[in-house]
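Asks: This is the structure alone, sequence omitted:
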Ligand SMILES: Nc1nc2c(ncn2[C@@H]2O[C@H](COP(=O)(O)OP(=O)(O)OP(=O)(O)O)[C@@H](O)[C@H]2O)c(=O)[nH]1
Ligand SMILES: [Mg+2]
């Protein structure tokens, strides 16, 4: 039998096979790398940045991912969709890494997609409108980027509430079209329907009614059953959504009010954050000490990018379990409700195939004991089997045999 190593323990039997799937340390976007520890990212789902021209999507994209998408003051400067990886700073991983003296830290991550802007009426060509919708269809969650910063050199309005209604209208119209298409297809169909589609079509009229009033599904009172049934249609306003209000450097104090007014507009299901994208992007380029000094000096604490990354990861509805040792402390992403063998498979397929048991302890309990060995000596490490449903924040060590 083999198992993953305890912190500080010599490899017993064989080594865990390399897991792959790491992304290299990010270039400019390494605001969270620290000391001599290397930091890498494992990515999963995609969050798309959605907004009017010149709202700061590409600037936010660059700040989150360390990418170099074109940031320019002319509208519709983003034509091709850009994809980058953002990582999710996690104080639990940091604390475990400190405890285990880990050489490497790996945070959870997600992909960020810089989508072409949506325009009002005739402002955009059809090709660009098509690109916007295609971009939105491909992502798992949306982040609305709403411009509040004033800058006479950057054309466009600084009106977050007006931006919300334009964006919502565009997304709602696309969803109406999708549902109407599905209903028309159904009428002309003779063969029996796939049960999932049939269930979706049953929920379609209620959803259409909501959408036709201009309400996106994310802030409708459609019930859970109907929402679930609509999944096969990949509706745009059915995706989890958050919003970033891009505030000017001179507006930092008004962030709270702006957030409140936007939050009222988009409804409670949408997380809203105020971010001075330009400032954060500049800070992200500095070394960690200078960055901390700049952000602290402005009263921005650790900066808003951390909160944006955490909120984005949150709406994706994924959980993380943790592993820790001298080699690395790491957050592994899993689907809520997954059992121990499936989680073991996230580390490596061999661990799932040969899964025997998992040693499990809550991350904060482990910190209290200082090491797995100490926690085990006190009988605080649980030995769980194949039916164990893993929780967010569990520290796992897999016993396996292949
Ligand atoms: N003053 C100020 N300018 C900003 C801020 N964020 C972005 N900008 C500027 O606004 C312009 C547009 O920014 P982009 O990031 O290119 O905007 P975008 O939403 O990607 O624009 P499109 O790709 O054309 O849709 C650039 O000149 C940025 O430098 C901000 O927080 N403050
Ligand atoms: Mg852009």
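Replies: Cool, got the structure. Quantities reported herein were computed from a predicted structural model and do not represent experimental measurements. Numbering: from 1, shown residues only. Ligands and ions are numbered 1, 2, ... in the order given.
Asks: Low-confidence ranges, the stretch 1-150 of the chain, go.
Replies: The stretch 1-150 of the chain contains residues with pLDDT under 70 at 1-44, 119-129.
Asks: what about the residue of the stretch 201-350 of the chain found nearest ligand 2, neighbour count?
Replies: As assessed by C-beta to the ion, ligand 2 sits closest to residue 277 within the stretch 201-350 of the chain, at 11.5 Å. All C-beta atoms are positioned from the backbone trio N, CA, C, and that covers glycine. For residue 277, the count of nearby residues is 29 (other C-beta atoms under 10 Å).
Asks: The stretch 51-200 of the chain: strands as residue ranges?
Replies: Taking DSSP state E, counting those that start in this stretch, the strands of the stretch 51-200 of the chain run over residues 82-88, 104-114, 141-147.
Asks: Deepest-packed of those, please.
Replies: strand 141-147 (a mean of 26; mean count of other C-beta atoms under 10 Å).
Asks: ok and that one relative to strand 104-114, angle-wise?
Replies: With axes from the mean of the first three to the mean of the last three C-alpha atoms, to 10 degrees defining the directions, strand 141-147 sits at 70 degrees from strand 104-114.
Asks: So which elements touch strand 141-147?
Replies: With contacts taken as 3 or more C-beta pairs under 8 Å, 6 or more residues apart in numbering; DSSP states H and E, strand 141-147 sits against strand 46-51, helix 160-187, strand 241-246, helix 304-315.
Asks: tilt between the third one and helix 304-315?
Replies: Note on geometry: by the same axes, to 10 degrees, strand 241-246 and helix 304-315 are set 170 degrees apart in direction.
Asks: Would you mark the buried spots in strand 241-246?
Replies: 241-246 (16 or more other C-beta atoms under 10 Å).
Asks: what's the distance between the residue positioned nearest the centre of the chain and residue 384?
Replies: Centre of the chain computed as the mean C-alpha position; nearest residue by C-alpha atoms, centre = their mean is residue 313, 2.9 Å away. When distance is defined by C-beta to C-beta, to the nearest Å, residue 313 is 25 Å away from residue 384.
Asks: go on, residue 152?
Replies: For residue 152, the distance to residue 384 - C-beta to C-beta - is 61 Å.
Asks: Equivalent analysis for residue 52, please.
Replies: Computed with C-beta to C-beta, the distance linking residue 52 and residue 384 is 49 Å.
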